[in-house]
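A.B. asks: Got a predicted structure here, sequence first:
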Amino acid sequence: MKILLIQPAKAPVTIGGDDVYLYEPLALEYIAAGVTDNHDVKIFDMRLEKDLKKIFDEFKPYVVGITAYTVNVNIVKTLFKEIKTWNPEVFTVIGGHHATVSPEDFLDSSIDLIIMGEGVFAFQELMRRLGKKENFDGMKGIVYKEEGTIIKIPLEPVVDLDALPLPKRDLTKQYRSSYFSEWMKSLASIRTSKGCPFRCNFCALWKLTGGRYLTRKPGNIVKELFTIKEEFVFFADDESLIDAKRMMELARLINEFGIKKRYFLYGRSDTIVKHPTWI
């Protein structure tokens, strides 16, 4: 099957971070990695390309998937409505942060399925069922409407990040020179952890993992770093430094294997204060 995965642009009147940074669509690269062995997948980044109709007509996808933050909700719903006018038979699916926290916002006639949480395995299962023309009974982490009734099946949380495939960065090769943050260009992204054990009242990220802090093994992170060509690397974590021992081991391995890159990550100020030798 042909699958088109779309990274949406923010609405023109929205104030957003795209003006000072533009990270690769890592979530879509993960989703693609789970299905490329059996399907033809394209990633279309609408922050850099605008003519979605052209790629849609040329590629003729069977499935269109879009990821969305809160800032993308309205523009994504508009996109799905347009897509359904182009081909009412195309299967449309939404995932991402907002779909996980507030899936009800995507209960729209133009959206066939909402996937909550870590979507790699759920999307794999979706493609298997679509291929066999099976229904969604018992499928974990989804929301949809059936004969006017809202069906919501609780997600089965992914707790082992190392069980996920490596992102399919080759699917964004035409865009990679455009990803940046401030002066760091070209910039790759890698995920070394997910979630946060803290409960800051201004942040919803901890809710995505139920307050757990999930980590990858340093050795597996180093293996992935060897596949990244860019000089600059962003650790796309909610908070990279909570497990100080793990990060010290990662730093040791990076140095030991001579991986010469420049790294950018987020860390709490109190974590840094507790480890003055890092400065």
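C.D. replies: Nice, I can see it.
A.B. asks: Show me where the stretch 151-279 of the chain dips below the pLDDT cut-off.
C.D. replies: Residue ranges of the stretch 151-279 of the chain with pLDDT under 70: 278-279.
A.B. asks: Do you have the strands of it handy? List them.
C.D. replies: 180-181, 184-185, 187-190, 193-194, 214-215, 232-235, 262-264 (DSSP state E, counting those that start in this stretch).
A.B. asks: Out of these, flag the one nearest His39.
C.D. replies: strand 187-190 (23.5 Å; Cβ to Cβ). The way it works is simple: take the backbone N, C-alpha and C, and place the C-beta from them, glycine included.
A.B. asks: ok, Gly219 - contacts?
C.D. replies: Neighbour list for Gly219: Leu253 [criterion: Cβ atoms under 8 Å, 6 or more residues apart in numbering].
A.B. asks: ok, back up a step: for Glu49, find the nearest of the strands of the stretch 151-279 of the chain.
C.D. replies: strand 180-181 (16.5 Å).
A.B. asks: Show me what that closest one is packed up against.
C.D. replies: Judged by 3 or more Cβ pairs under 8 Å, 6 or more residues apart in numbering; DSSP states H and E, strand 180-181 is in contact with strand 21-22.
A.B. asks: Break down this structure into its helices, ranges please.
C.D. replies: Remark: helices assigned in the chain by DSSP state H are 26-33, 52-59, 73-86, 97-101, 120-131, 218-225, 244-256, 269-274.
A.B. asks: Off-centre distance for the fourth one?
C.D. replies: How far helix 97-101 lies from its chain's middle: 11 Å, per Cα atoms, centre = their mean, to the nearest Å.
A.B. asks: Show residues contacting it.
C.D. replies: With contacts defined as Cβ under 8 Å, 6+ apart, helix 97-101 is touched by 68-70, 72-73, 105-106, 114-117, 155, 204, 207-208.
A.B. asks: Any buried residues in that helix, and which?
C.D. replies: Neighbour counts over helix 97-101 (16 or more other Cβ atoms under 10 Å) mark His97, His98, Ala99, Thr100 as buried.
A.B. asks: same question, stretch 140-153
C.D. replies: For stretch 140-153, by 16+ other Cβ under 10 Å, it's Gly141, Ile142, Val143, Tyr144.
A.B. asks: And stretch 26-36, by the same measure?
C.D. replies: Leu26, Ala27, Leu28, Glu29, Tyr30, Ile31, Ala32, Ala33, Gly34, Val35.
A.B. asks: Closest one of these to Phe235?
C.D. replies: Among the buried residues of stretch 26-36, Leu26 lies closest to Phe235 (Cβ to Cβ), at 11.0 Å.
A.B. asks: Hmm, the closest one is touching Asp237, no?
C.D. replies: No - taking contacts as Cβ atoms under 8 Å, Leu26 lies outside contact range of Asp237: 11.0 Å.
A.B. asks: who touches both of the two?
C.D. replies: With Cβ under 8 Å, 6+ apart, Leu26 and Asp237 have common neighbours Arg191.
A.B. asks: about what we covered before: could you point out which of the helices of the chain sits nearest Glu182?
C.D. replies: Nearest to Glu182, of all those, is helix 26-33, at 18.3 Å by Cβ to Cβ.
A.B. asks: For that closest one, give the mean pLDDT please.
C.D. replies: For helix 26-33, mean pLDDT rounds to 98.
A.B. asks: Report all helices and strands that that helix contacts.
C.D. replies: With contacts taken as 3+ Cβ pairs under 8 Å, 6+ apart, helix 26-33 sits against strand 2-7, strand 40-45, strand 63-67, helix 120-131.
A.B. asks: I'd like those as JSON lines, with mean neighbour count, mean pLDDT and distance to Leu22 appended.
C.D. replies: Listed next are the helices and strands packed on helix 26-33 as JSON lines, based on neighbours: other Cβ atoms under 10 Å; pLDDT from 0 to 100; distance: least, Cβ to Cβ, whole Å:
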{"stretch": "strand 2-7", "mean neighbour count": "23", "mean pLDDT": "98", "distance to Leu22": "10"}
{"stretch": "strand 40-45", "mean neighbour count": "20", "mean pLDDT": "98", "distance to Leu22": "9"}
{"stretch": "strand 63-67", "mean neighbour count": "25", "mean pLDDT": "98", "distance to Leu22": "15"}
{"stretch": "helix 120-131", "mean neighbour count": "19", "mean pLDDT": "96", "distance to Leu22": "23"}
